[in-house]
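In: pasting the structure only:
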């Protein structure tokens, strides 16, 4: 089979498509013929050696795939051969075949394409667990989404509306903001042209926002934290800006506010029931036509470096995918 390999920490340009042996299937696992795989910012951090996990070399990036089960290990009764599934993993998805524990797969709804499946798990899983489980977003509250046109940001906009919040989408261009409005944003903020603190103050009448969903960090964190409402929750999702910020403790004290972290993948180890329950609801919403991933571009597996540059150069609107 073919796989995109990282043989030393570096840049996306260092990745190579190589021929390697098909992985063996262990007890309790299934082998999936990958049809599409999601491209995510943690993949960039993985190959740079800046992620929470450092796999042994050589390894393939890739945290989510959609495809067909082609082999089952000892003791596996479901999914069965030929079943269409979504699967998540810590790495390894940029390949024609992957082996994952059977319990790490999800059945794809009958009308879900492989592209939608590969663009679904991390974006919607992260956004939903973050908003509903960690930040406890309530109907009628105000939600600010930073980086709102990216894969996870756009999912947060869509789910925020579904959960009954007033959604303020913040992004860096009119084109990106137009997409967030199509996904339900009530108000928008262009932080490349507008002062975020002033705009949030005007939009909320000085009250601030109840929940801030932040996959960006950096300077935007510094500004947004000062516009959190009384008993607000600041949800830390990632640091796409490249800078990990710090919160002055007096902001939390004066506002009775909470800084809430979300490392979605850690639930796979510590409390997988949270992810199972979340996906059951998310897939039901998809089947009912209430969720629709926005696919920005799809690249062949050999063009993985180009796909990753779509993320690092901030060109992606919604999800970027590879097809195998």
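Out: Looks like it came in fine. Predicted model, so just to flag it, every value in this text is computed and none were measured. Numbering: from 1, shown residues only.

In: helices and strands of the chain: which one bottoms out on pLDDT?
Out: Least confident helix or strand, the chain: helix 267-270 with a mean of 87, by mean pLDDT, DSSP states H and E.

In: name the residues of that helix that are buried.
Out: For helix 267-270, the neighbour count (16 or more other Cβ atoms under 10 Å) marks 267, 268 as buried. For every residue, glycine as well, the C-beta is placed using N, CA and C.

In: following it, which helix or strand shows up next?
Out: helix 272-287 (DSSP states H and E).

In: buried residues in that next one, which are they?
Out: 274, 275, 278, 279, 282, 283, 285, 286.

In: same deal with stretch 9-21?
Out: 12, 15, 17.

In: and the last one, helix, strand or coil?
Out: This means residue 17. The three-state label given to residue 17 by DSSP: H, G, I helix; E, B strand; the rest coil is strand.

In: who does it bridge with?
Out: According to DSSP bridges, the residues that bridge with residue 17 are residue 4.

In: does it touch residue 6 like I think?
Out: No: here residue 17 does not reach residue 6: they are 11.6 Å apart, not a contact under Cβ atoms under 8 Å.

In: helices of the stretch 201-324 of the chain, residue ranges please.
Out: Per DSSP state H, counting those that start in this stretch, the stretch 201-324 of the chain carries helices over the ranges 218-224, 249-255, 267-270, 272-287, 304-312.

In: out of the buried residues of stretch 9-21, flag the one nearest to residue 290.
Out: residue 12 (34.2 Å; Cβ to Cβ).

In: ok, the most centrally placed residue in the chain - contacts?
Out: Centroid-nearest residue in the chain, with Cα atoms, centre = their mean: residue 123, separated by 3.1 Å. Listed by Cβ atoms under 8 Å, 6 or more residues apart in numbering, the contact partners of residue 123 are 38, 151, 152, 154, 155, 293, 319.

In: near the first one, how many other residues are there?
Out: Residues near residue 38, counting by other Cβ atoms under 10 Å, number 28.

In: one more: the second one?
Out: For residue 151, the number of neighbouring residues by other Cβ under 10 Å comes to 31.

In: give the contact list for residue 81.
Out: Neighbours of residue 81 in contact, by Cβ under 8 Å, 6+ apart: 69, 70, 71, 72.

In: list buried residues within those residues.
Out: 69, 71, 72.

In: picking that back up, distance to residue 101 and secondary structure for the contacts of residue 81 - can I get that in JSON lines?
Out: Compiled in JSON lines, those are given as follows (distance: Cβ to Cβ, whole Å; DSSP: H, G, I helix; E, B strand; the rest coil):
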{"residue": "69", "distance to residue 101": "13", "secondary structure": "strand"}
{"residue": "70", "distance to residue 101": "16", "secondary structure": "strand"}
{"residue": "71", "distance to residue 101": "14", "secondary structure": "strand"}
{"residue": "72", "distance to residue 101": "12", "secondary structure": "strand"}
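
In: could you list the domains of this protein?
Out: Following automatic domain parsing, one finds the domains of the chain at 2-120+293-323, 124-264.

In: can you map out the strands along the stretch 101-250 of the chain?
Out: 105-107, 142-145, 166-171, 187-190, 209-214, 228-236 (DSSP state E, counting those that start in this stretch).

In: got those as CSV, with mean pLDDT columns?
Out: Converted to CSV, these look like this (pLDDT from 0 to 100):
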stretch, mean pLDDT
strand 105-107, 95
strand 142-145, 98
strand 166-171, 98
strand 187-190, 97
strand 209-214, 98
strand 228-236, 97
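
In: what's the closest of those strands to residue 268?
Out: Here strand 105-107 is closest among these (Cβ to Cβ), at 12.4 Å.

In: helices or strands next to that closest one in the packing?
Out: Using 3 or more Cβ pairs under 8 Å, 6 or more residues apart in numbering; DSSP states H and E, the elements in contact with strand 105-107 are strand 84-88, helix 272-287.

In: so which of these gets nearest residue 314?
Out: Among the helices and strands packed on strand 105-107, strand 84-88 comes nearest to residue 314, with 24.8 Å by Cβ to Cβ.

In: mind listing what the closest one pairs with, with the direction of each?
Out: Neighbouring strands of strand 84-88 in its sheet, by DSSP bridges, are strand 64-72 (antiparallel), strand 105-107 (antiparallel).

In: show me which pair in the contacts of residue 123 is furthest apart.
Out: Counting by Cβ to Cβ, the most remote pair of the contacts of residue 123 is 38 and 154, 13.4 Å apart.

In: that older thread, could the domains of the chain be laid out in TSV, adding distance to residue 270?
Out: Output for the domains of the chain, formatted as TSV (distance: least, Cβ to Cβ, whole Å):
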stretch	distance to residue 270
domain 2-120+293-323	13
domain 124-264	10
